[in-house]
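Asks: Provide a 3D model corresponding to the input given below.
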Amino acid sequence: RTLVIYIFHMYIILKVLPLLVGKLSQGVMGGTIGILLVIFTIIVCIGIDVLLNTRYLKWFLGKF
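Replies: Take a look at the predicted model:
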């Protein structure tokens, strides 16, 4: 799973972060949003990994 996380995590963060710029602030709320962003990114990356490990898309990861 690390290959998929390594490839896709920055793309996901760069797409979601501009949506959160107005909501980020100092303190507890900003920290909570940051932690939720990391958790969301990991969940999406695991979903992409599950999708890429299907029978028809394994070739994308170099698995034959």
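
Asks: hey, let's count contacts and neighbours off CA atoms from now on
Replies: Fine.

Asks: in the protein, which spans are helices?
Replies: 2-20, 28-52 (DSSP state H).

Asks: what about the first one, average pLDDT?
Replies: Okay, so that is helix 2-20. Averaged over helix 2-20, pLDDT sits at 90.

Asks: what's the angle from that helix to helix 28-52?
Replies: Using axes from the mean of the first three to the mean of the last three C-alpha atoms, to 10 degrees, one finds that helix 2-20 and helix 28-52 are set 140 degrees apart in direction.

Asks: middle-most residue in the protein, spatially?
Replies: Centroid check for the chain by C-alpha atoms, centre = their mean gives residue 41 as the closest residue, at 2.6 Å.

Asks: That residue contacts residue 13, correct?
Replies: Yes: counting by C-alpha atoms under 8 Å, residue 13 is a contact partner of residue 41 at 6.8 Å.

Asks: what's the closest non-adjacent residue to residue 33?
Replies: Nearest non-adjacent residue to residue 33, counting by C-alpha to C-alpha, 6 or more residues apart in numbering: residue 24, 7.1 Å away.

Asks: now that neighbour: how far from residue 13?
Replies: 14 Å (C-alpha to C-alpha, to the nearest Å).

Asks: How about residue 32?
Replies: 15 Å.

Asks: cool, residue 46 as well?
Replies: Residue 46 is 14 Å from residue 13, by C-alpha to C-alpha.

Asks: What residues does the residue nearest to the centre of the chain make contact with?
Replies: Going by C-alpha atoms under 8 Å, 6 or more residues apart in numbering, residue 41 touches 9, 12, 13.

Asks: From these, list just the buried residues.
Replies: Neighbour counting by 16 or more other C-alpha atoms under 10 Å classes residue 12 among the contacts of residue 41 as buried.
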